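>>> Pasting a predicted model and its sequence here:
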Amino acid sequence: MARYTGPTTKIARKFREPIYGPDRSFEKKNYPPGMHGNSKRRGKTSEYALQLMEKQKAKYTYGILERQFKNIFYKASRKKGITGEVLLQLIESRLDNVVYRLGIAPSRSAARQLVSHKHIIVNGKVINIPSFQLRPGDIVSIRERSRSLEVIDHSLSGRGMPYSWLEWDGNLMTGKFMTYPERQDIPENIKEQLIVELYSK
């Protein structure tokens, strides 16, 4: 399966949520695409369909492929703690996601591209693997020659509120992965328990 690169609004409408961020097109039509998208006569959704949709929503939100997602789930199931929460913590600690959360990139897909093109440094070393797992204490920074890139400069100028589990130094243009986020600190509307139930079958 290749990574999805098609229309993002279509996917957002499928899940009835703007999973890729603010979207004017989604606001106009926030129901599933297709001629029966806004019909009230749709059949009752099965438990399995709800679980599958929640997993698909998480995959599209974070830009993770099926095999990667399954591997992260099995890794989470072997760790101590609530499996669903650990799953989200592992996903949130991916390098591409942290680059996005720090405000270095305007979206996760842009963050993935920055990492792949060797613009990002972790603990003094260039890392070009978007799925690289960060650990508490790791330092994420931008390569010296990449700091003037328009996409980075524009994204940093519009940074929102920082996350409690991340620390950003604007002078050094470095971020620190402080700790794994608590569930209440992860803003994504994902019902992780449904994903756990799906994989537990």
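That came through, no problem. Numbering: from 1, shown residues only.
>>> V86 versus the closest residue to V99 other than its chain neighbours, what's the distance?
Leaving aside its chain neighbours, V99 sits nearest to A111 (4.0 Å; criterion: Cβ to Cβ, 6 or more residues apart in numbering). Where you see a C-beta, it was placed from the backbone N, CA and C, and this is true even at glycine. When distance is defined by Cβ to Cβ, to the nearest Å, A111 is 22 Å away from V86.
>>> ok, those two, which is more surrounded?
Using other Cβ atoms under 10 Å as the criterion, A111 and V86 rank with A111 on top: 27 against 22.
>>> Would you mark the buried spots in the helix or strand hosting the more buried one?
Taking DSSP states H and E as the criterion, A111 maps to helix 108-116. By neighbour count with 16 or more other Cβ atoms under 10 Å, helix 108-116 contains the buried residues R108, S109, A110, A111, R112, Q113, L114, V115.
>>> so what's the fourth one up against?
If I follow you right, that is A111. Contact partners of A111, counting by Cβ atoms under 8 Å, 6 or more residues apart in numbering, are D96, N97, V99, Y100, I104, A105, P130.
>>> okay, it: pLDDT?
On pLDDT, A111 comes in at 95.
>>> Ok, the last one next?
On pLDDT, V115 comes in at 97.
>>> Cross-check the contact I'm expecting between it and R94.
No. V115 lies out of contact with R94 (Cβ atoms under 8 Å); the separation is 9.5 Å.
>>> what residues do those two have in common as contacts?
With Cβ under 8 Å, 6+ apart as the test, V115 and R94 both reach P130, F132.
>>> quick revisit: quick one: contacts of the helix or strand following the helix holding A111?
Counting by DSSP H and E, the element after helix 108-116 in chain order, helix or strand, is strand 120-122. Residues outside strand 120-122 that contact it (Cβ under 8 Å, 6+ apart) are 95, 99, 104, 114, 126-128, 132, 134, 138-143.
>>> Narrow the residues you listed to just the buried residues.
Neighbour-count burial (16+ other Cβ under 10 Å) applied to these gives L95, V99, I104, L114, I127, F132, L134, D138, I139, V140, S141, I142.
>>> At which residues are the helices of the chain located?
8-15, 24-28, 47-62, 66-77, 83-92, 95-101, 108-116, 150-157, 192-199 (DSSP state H).
>>> Please name the residues that touch A110.
Y100, V151, S155.
>>> Just to check, the second one is in contact with I104?
No. Using Cβ under 8 Å as the test, V151 is too far from I104 to be in contact (9.1 Å).
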